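Trainee: based on what follows, work out the 3D shape:
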Amino acid sequence: MGYTWAVGNHSSPNSEHENAHFDAGSPSGGRAFLWIGTATLTGAVVMAMELTAFRLYAPYFGNSIYVWGSMISVVMLALSAGYSLGGWIADRKPTEVVLFLIILGSGVYQLVIVFVQRAVMLKLWQMGDFAGPALATVIIFVPPMTALAMTSPFVIRLLARTGHVGITVGKVFALSTAGSIAGVLLTSFYLVPRFGTRVTMEILCGASIVIGTCGLMMKRKSAILLALPAALLFVAPIPKAPPIMIWSGESAYNRILVLEDKSKGLRWLVMNDPRFSQTIERVGGGGSGFYLDEFALGPVIVPAKNLVVLGMGAGGSIQVSREVAPEIEIDAVEIDPEVVRVAGEFLGLPQNDPKLHVHIADARPWLAGHAGKSDLVHIDLFQGGPYVPFYLTTVEFFRLVRLRMTDSGMLILNVYDRSAGQELLQAMGATMREVFPSIEKLSRPDGNHILFAFAEKRGLEETVLRLKQGGGPAWVRELAQKAAGEIVEFEPRAGAVIFTDDKAPIEEMTRQMLVESKNIK
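Mentor: You can find the predicted model right below:
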C-alpha cells in the first residue's frame, strides 16, 4: 500500500472542505467583539488565578521564593501546553462552540476544586516547598489554566478569515495582555484583600462559567442552563476553624490567624505558615515562654529612653519591654496595617498610647527616612515563617541601622537555625560583625538564637553584671538570672558567608536548614 504526501498540507479532504466553508466570510462586528472580549477576560482570569495560588499556598508551604518558583514554572508549562493545544484544536474544529465549551469546562473544573482544595492541600503540605506546590499546581491550576490558555490561539483562528492576520494576532495578544494586567491589579488590590482566597477562587470560577455560557448562548439561548452549576458556589463549604482559632482573615500581605489556648492563658498570631507563630503572648501580661521574652532583657542590659521596633507584628517585644521600662518611647514599624489592627483588637497592643508611634511602612525604606537615633533596636522581620526578606539581612542594612543608633545603643535580633552546623546563624553573625564591634548570643533549645549587637566595643562581663542586677517584674528577673549564666560572646567562624545587597543566599540557607532540621529530634 502506498502513501501520497502533499507538501505543506496534511489536512484531510473533509477538513479542507470544512475550513474552506468556515473561511468563506468575515465575522460580524458583534461576534468579533465577543471573541476579542473573551480573550481579554480569560487573560484576566488566568493571571488572577496565578496570584491567588500564592495566597492559597502560603498557609501550607510558606511564601518563600522556592514556593513561587515551583508554582510559576508549572503554570508556565500549563500555559505553553494551552497555547499549543488551542492552536491544534482550532485548526481542526474552528468553531466558537468548541471555544466556549472549553472555557465552560475550565469553570466546571474550578467548581470541583472549590469543594476539594482544602483536602488536597492537607494531603500535600508536608511534601516540602518544591514538590508540594508543584504537585498542588498540577492538580488545582493546570487543567483550568491550560483550558483558558487555549483562548488566544482559538480567537486568532476565528478572526483569521478577515485576511489581516498580523493585525489580528497583535490585537488579540495586546488585549489579552491588557486583561492580564487588569486581573493582576484587581486581584492584588481588591479581590484577595477584600474577600480572601476562597471567595476570590469562587469569583473566578463563576466568571469562567458565565463567559462560556454567554458564548454558547449566541448559538442557542437554552445554553443558559449550562450556568446552573455555578449555583453550587453558594453552597460551597466554608472550612471550619480549629477550636482554638478566635479570628482569621487576609490582608494585602498575609493570611492572618489569631489562636488561643485558654488552659495555658496564651494567645498567639500566625501569619501565612501555620507551623510557625509570629507572636505568642500571655493574656494579662507576663512571660509566655516564646523567644520574644528575651527582648525584655534589652532595657535590663542597656538603659534606654527610646526604642525602635522593626517588624512589630502583634507587638510582643513591645509589651515585654514595657514591663521593664514602662516610660520608654517607641517607634514601631509594621508593613501590614491589618496586622496592626488585629494586634490592637485581639493581642493587647495599646491603641492610644502617646509614647507608642506605629508606622505602616517597609522597615528599610522607613529607616532610611528616619532622622532620629535610638538607644535600643528590635529586629524581628520574619515573613510569617522562617524566611527573612534578604534585603533586611545585609551589611548595607545593618549599616543603616547603626546610623540610627546612639553610641551606647544595642540591637536585638532573633535568628532561627535548628541545623547542626548553624550556617545561617554564622552568616548572620558574620554580616553583623562587619558593622558592630561586639556581639553576644543567647541560644534557646527551640532553635532561636538571640543576638545582642552593640554600637561600641564592650566586654561580656558588663552584660552579665547588668543581668544579675536584674530589673522589672519577677519573671524578667528570673529570665535575666538564667541569661547571665548562658549568654556568651559571639565571634563568627572564619569563612562564614557575609550577606550583601548584591548577594544574600539566605533563602537557600534557610531551606537547607529546614530540610536538615527535620532529621533532628
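Trainee: show me the shaky parts of the stretch 101-250 of the chain.
Mentor: Along the stretch 101-250 of the chain, segments meeting pLDDT under 70 span 161-164, 220-243.
Trainee: how about the helices in the stretch 401-521 of the chain?
Mentor: Ranges of helices in the stretch 401-521 of the chain, per DSSP state H, counting those that start in this stretch, are 423-433, 460-469, 474-484, 506-517.
Trainee: actually, the stretch 251-400 of the chain.
Mentor: Counting by DSSP H, counting those that start in this stretch, residue ranges of the helices within the stretch 251-400 of the chain are 298-301, 316-324, 337-346, 363-369, 395-403.
Trainee: figure out which of the helices of the stretch 401-521 of the chain is closest to residue 117.
Mentor: Among those, the nearest to residue 117 by Cβ to Cβ is helix 506-517 (24.4 Å). Where you see a C-beta, it was placed from the backbone N, CA and C, and this is true even at glycine.
Trainee: state the mean pLDDT of the closest one.
Mentor: Taken as a whole, helix 506-517 has a mean pLDDT of 85.
Trainee: alpha carbons only: can I get that helix in PDB?
Mentor: C-alpha atoms of helix 506-517 as PDB (Å, rounded to 0.1, in the frame of the first residue of the first chain):
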ATOM      1  CA  ILE A 506      19.700  33.500  53.000                       C
ATOM      2  CA  GLU A 507      16.700  31.700  51.400                       C
ATOM      3  CA  GLU A 508      18.800  28.800  50.200                       C
ATOM      4  CA  MET A 509      20.400  28.600  53.700                       C
ATOM      5  CA  THR A 510      17.000  28.700  55.400                       C
ATOM      6  CA  ARG A 511      15.700  26.000  53.100                       C
ATOM      7  CA  GLN A 512      18.700  23.700  53.700                       C
ATOM      8  CA  MET A 513      18.300  24.300  57.500                       C
ATOM      9  CA  LEU A 514      14.700  23.300  57.400                       C
ATOM     10  CA  VAL A 515      15.500  20.100  55.400                       C
ATOM     11  CA  GLU A 516      18.300  19.200  57.800                       C
ATOM     12  CA  SER A 517      16.300  20.100  61.000                       C
END
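Trainee: what residues sit buried inside that helix?
Mentor: Within helix 506-517, the residues that qualify as buried are 506, 507, 509, 510, 511, 513, 514, 517, counting by 16 or more other Cβ atoms under 10 Å.
Trainee: most packed of the helices of the stretch 401-521 of the chain?
Mentor: Comparing the helices of the stretch 401-521 of the chain by mean neighbour count (mean count of other Cβ atoms under 10 Å), helix 423-433 ranks first with a mean of 23.
Trainee: roughly how far apart are residue 142 and residue 369?
Mentor: Residue 142 sits 44 Å away from residue 369, taking Cβ to Cβ, to the nearest Å as the criterion.
Trainee: more neighbours: which of those two?
Mentor: Neighbour tally, residue 142 and residue 369, criterion other Cβ atoms under 10 Å: the higher count belongs to residue 142, 19 against 8.
Trainee: the more buried one touches residue 76, doesn't it?
Mentor: No - checked against Cβ atoms under 8 Å, the pair residue 142 and residue 76 is beyond contact range at 10.7 Å.
Trainee: can you point out the buried residues in stretch 450-461?
Mentor: Across stretch 450-461, burial judged by 16+ other Cβ under 10 Å covers 450, 451, 452, 453, 454, 455, 458.
Trainee: show me where the stretch 151-300 of the chain has its strands.
Mentor: Using DSSP state E, counting those that start in this stretch, the strands found in the stretch 151-300 of the chain span residues 245-250, 255-261, 266-271, 279-282.
Trainee: will you turn the ones you listed into a markdown table that also has mean neighbour count and distance to residue 82?
Mentor: Below are the strands of the stretch 151-300 of the chain laid out as a markdown table (neighbours: other Cβ atoms under 10 Å; distance: least, Cβ to Cβ, whole Å):
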| stretch | mean neighbour count | distance to residue 82 |
| --- | --- | --- |
| strand 245-250 | 15 | 29 |
| strand 255-261 | 21 | 29 |
| strand 266-271 | 23 | 34 |
| strand 279-282 | 23 | 43 |
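Trainee: got TSV for those strands, with distance to residue 327 too?
Mentor: Formatted as TSV, these follow (distance: least, Cβ to Cβ, whole Å):
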stretch	distance to residue 327
strand 245-250	31
strand 255-261	29
strand 266-271	26
strand 279-282	21
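Trainee: out of these, nearest to residue 177?
Mentor: Smallest distance to residue 177 across the strands of the stretch 151-300 of the chain (Cβ to Cβ): 27.2 Å, for strand 245-250.
Trainee: tell me, how many residues neighbour residue 184?
Mentor: 15.
Trainee: now do residue 74
Mentor: Neighbour count of residue 74, defined by other Cβ under 10 Å: 20.
Trainee: flag every buried residue along the helix or strand harbouring it.
Mentor: According to DSSP states H and E, residue 74 maps onto helix 65-92. Using 16+ other Cβ under 10 Å as the burial criterion, the residues of helix 65-92 that qualify are 66-67, 70-71, 74-75, 77-79, 82-83, 85-87, 89-90.
Trainee: same thing with stretch 187-195?
Mentor: In stretch 187-195, counting by 16+ other Cβ under 10 Å, buried: 187, 191, 192, 193.
Trainee: now the spatially closest residue to the last one that is not a sequence neighbour: how far from residue 43?
Mentor: Translated: residue 193. Excluding its sequence neighbours, the residue lying closest to residue 193 (Cβ to Cβ, 6 or more residues apart in numbering) is residue 252, at 4.7 Å. Separation of residue 252 from residue 43 (Cβ to Cβ) stands at 23 Å.
Trainee: of these two, which one has the most company?
Mentor: More crowded of residue 252 and residue 43, by other Cβ under 10 Å: residue 43, with 25 against 14.
Trainee: what about the helices in the stretch 101-250 of the chain?
Mentor: 131-140, 142-149, 151-159, 165-186, 192-195, 197-217.
Trainee: which of those sits closest to residue 403?
Mentor: Using Cβ to Cβ, the nearest of those to residue 403 is helix 192-195, at 34.2 Å.
Trainee: for the closest one, what is the distance to the chain centroid?
Mentor: Computed by Cα atoms, centre = their mean, to the nearest Å, the chain-centroid distance of helix 192-195 equals 14 Å.
Trainee: go on, stretch 200-210?
Mentor: Its chain's average C-alpha position is 22 Å from that of stretch 200-210, according to Cα atoms, centre = their mean.
Trainee: which residues are in contact with it?
Mentor: 41-42, 45, 48-49, 52, 55-56, 103-104, 106-108, 110-111, 113-114, 117, 144, 148, 187, 191-192, 195, 226-227, 229-230, 233, 236 (Cβ atoms under 8 Å, 6 or more residues apart in numbering).
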